[in-house]
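**Student:** any chance you can model this:
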Amino acid sequence: GAGASIYGEMRADIYYCSRTSQVDFDNIINNNITSYNKYASWASFYQIIQQANLVIAQADEMTKQGLIGSDTAKQLVGEAYAMRAFTYFWIVRIWGEAPLALVPSVGDKYDSRMKKSTVEDIFTQILIDIEQAKALLPDNGSRTHFTLSSIYALKAQVCTWMKDWAGVLQANSHFFEEDGVTFKNSGYSLAVLYDSKNSNSDNNYISNCEYAGIFNVGKSKESIFELSYAIEDNALSNSLFSVFDSVRPTGEVKTRYTKNKSIDWRCAVNFYGNSPKLTKYFIEFSDYNSETRNVVLLRLGEMVLLQAEAYVNLIPTGETAAERDAIELLNIIRARAGVDAYLINASDYDSEDVDLLRILIADERYKELFGEGYRYFDLIRTGTLLEVMGPVNGQDDMLSAVWPIHYQELLYSNGAIEQNVFYK
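**Tutor:** Got it, this is the predicted structure:
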């Protein structure tokens with residue numbers, strides 16, 4: 001659960017470490033990561049891959065033996081392909097080249113002596129697994145199991161990383177009507193935040209609004225896929241709470257929500273009660289021994305922003321009305337947050353504002369998705385990593401964008417795996 005924030009945004013320009021005892025966090029934030037940082041290990045990711053491979057390999061035999069029914073087997077295999085694709089998507093963004101395990105290894109652990117595969121080969125396999133999952137998964141509305149909807153959302157994310165903008169629109173057609181901006185009646189809709197009859201300083205309203213419920217109640221109408229935890233799991237609240245107890249937002253973060261004299265209601269959720277800590281997942285949170293939170297990994301709000309980004313990047317290709325559609329989608333998210341719409345005259349719809357629109361989308365993603373594990377990956381894929389992070393922590397080499405491979409993984413590989421170039 002905490003991994004999304006650790007890998008997806010802790011290396012970005014939004015946090016500082018408030019506890020000197022948290023050396024690993026401090027080193028991540030300040031671009032001092034070494035192969036001895038415990039979070040440099042990919043072992044837990046490959047344990048997930050191993051379990052997915054076991055399900056894919058053994059489901060037919062389990063069906064033949066009467067241990068599971070054919071419908072159950074179909075769904076389990078579909079979820080296994082989905083989980084494998086999702087996990088490799090995290091691995092390739094964190095470490096770049098990595099072993100590509102597609103069959104279960106002997107025992108219950110992954111094969112640590114596999115050589116790395118290229119980034120291109122990993123993405124090829126991710127797309128293959130996505131198509132396999134699409135053919136097998138139902139669209140039953142579950143928020144805590146992979147479904148057809150969550151696979152389409154994952155594909156939209158993958159296509160965005162690959163800059164396949166037409167692919168983004170194709171994947172998002174699962175959620176949007178043919179006009180690209182109207183939501184389909186697909187069982188998903190945006191949670192309400194801004195309400196003209198209430199105030200964003202009313203803690204009772206904020207704590208009970210639908211938007212806060214995405215993260216603090218779970219299984220909301222906006223959520224597409226989330227990791228589900230219960231008290232007996234003894235994992236989520238402990239790890240996620242400890243991260244945001246030790247790692248706090250910089251002053252610049254709040255400024256993003258209040259600049260231009262706009263009142264952004266998302267600030268009231270992210271800093272509930274004017275807390276200096278991120279509260280997005282912990283509004284009215286009492287104790288991690290008695291409460292827990294699901295971690296939302298895919299939601300409709302992000303699909304709206306991916307749709308807008310795809311349109312912006314299709315403007316130079318001559319796509320008609322792409323700029324208008326991008327602005328309309330941005331304003332859907334802004335209206336939900338209670339901030340002013342972007343106004344562009346119809347005569348201004350041309351390709352000259354592409355760079356400006358990209359900046360506006362990046363800024364909206366910063367504010368909408370803060371605390372959800374996107375910011376660092378966004379800096380990488382938009383080509384702004386060094387420009388943004390250089391002045392913050394001295395990051396000045398794109399080879400450092402990926403993580404080092406943990407020293408134990410190198411030892412276990414017996415020379416099969418080389419350290420990533422920047423960390424040699």
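
**Student:** could you pull out the strands for the stretch 1-150 of the chain?
**Tutor:** Secondary structure of the stretch 1-150 of the chain by DSSP state E, counting those that start in this stretch: the strands cover 15-17, 98-99, 116-117.

**Student:** so which of those strands comes closest to Leu385?
**Tutor:** Leu385 lies closest, by Cβ to Cβ, to one member of the strands of the stretch 1-150 of the chain: strand 15-17, at 15.8 Å. C-beta: built from backbone N, CA, C; applies to glycine.

**Student:** enumerate the positions of that closest one that are buried.
**Tutor:** For strand 15-17, a neighbour-count test (16 or more other Cβ atoms under 10 Å) marks 15, 17 as buried.

**Student:** how about stretch 117-128?
**Tutor:** Of all the residues in stretch 117-128, those buried under the rule 16+ other Cβ under 10 Å are 117, 122-123, 125-127.

**Student:** list the contacts of it.
**Tutor:** With Cβ atoms under 8 Å, 6 or more residues apart in numbering as the test, stretch 117-128 has contacts from 85, 88-89, 91-92, 96-100, 102, 155, 158, 162.

**Student:** what is the nearest of those to Asn420?
**Tutor:** Nearest member of those to Asn420, counting by Cβ to Cβ, is Gly96, at 6.5 Å.

**Student:** do I have it right that the closest one meets Phe422?
**Tutor:** No. Gly96 lies out of contact with Phe422 (Cβ atoms under 8 Å); the separation is 10.2 Å.

**Student:** mind checking which of these two has more residues around it?
**Tutor:** Gly96 (18 against 14; other Cβ atoms under 10 Å).

**Student:** before we move on, back to that, which one of the strands of the stretch 1-150 of the chain lies closest to Tyr229?
**Tutor:** Proximity to Tyr229, assessed across the strands of the stretch 1-150 of the chain by Cβ to Cβ, is greatest for strand 15-17 (22.8 Å).

**Student:** by contact count, what packs against the closest one?
**Tutor:** Under the contact definition 3 or more Cβ pairs under 8 Å, 6 or more residues apart in numbering; DSSP states H and E, strand 15-17 sits against helix 23-29, strand 247-249.

**Student:** partner strands of that strand, with direction?
**Tutor:** Here strand 15-17 has these sheet partners by DSSP bridges: strand 247-249 (antiparallel).

**Student:** so what touches the partner strand?
**Tutor:** Strand 247-249 is contacted from outside by 5, 10, 14-18, 22, 25, 29, 270-271, 276-278, 370, using Cβ under 8 Å, 6+ apart.

**Student:** which PyMOL command selects the buried ones in those?
**Tutor:** Selecting the buried subset of the contacts of strand 247-249 in PyMOL, with 16+ other Cβ under 10 Å as the burial test, is done by:
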select buried, resi 5+10+14+15+17+22+25+29+270+271+277+278+370
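
**Student:** quick one: Phe89 from His145, how far?
**Tutor:** Noted for Phe89: a distance of 18 Å to His145, by Cβ to Cβ, to the nearest Å.

**Student:** by mean pLDDT, flag the weakest helix or strand of the chain.
**Tutor:** Least confident helix or strand, the chain: helix 236-246 with a mean of 75, by mean pLDDT, DSSP states H and E.

**Student:** how near is the nearest residue to Ile68 once chain neighbours are set aside to Val253?
**Tutor:** Among residues not flanking Ile68 along the chain, Met62 sits closest, at 5.1 Å (Cβ to Cβ, 6 or more residues apart in numbering). Distance of Met62 to Val253, computed by Cβ to Cβ: 48 Å.
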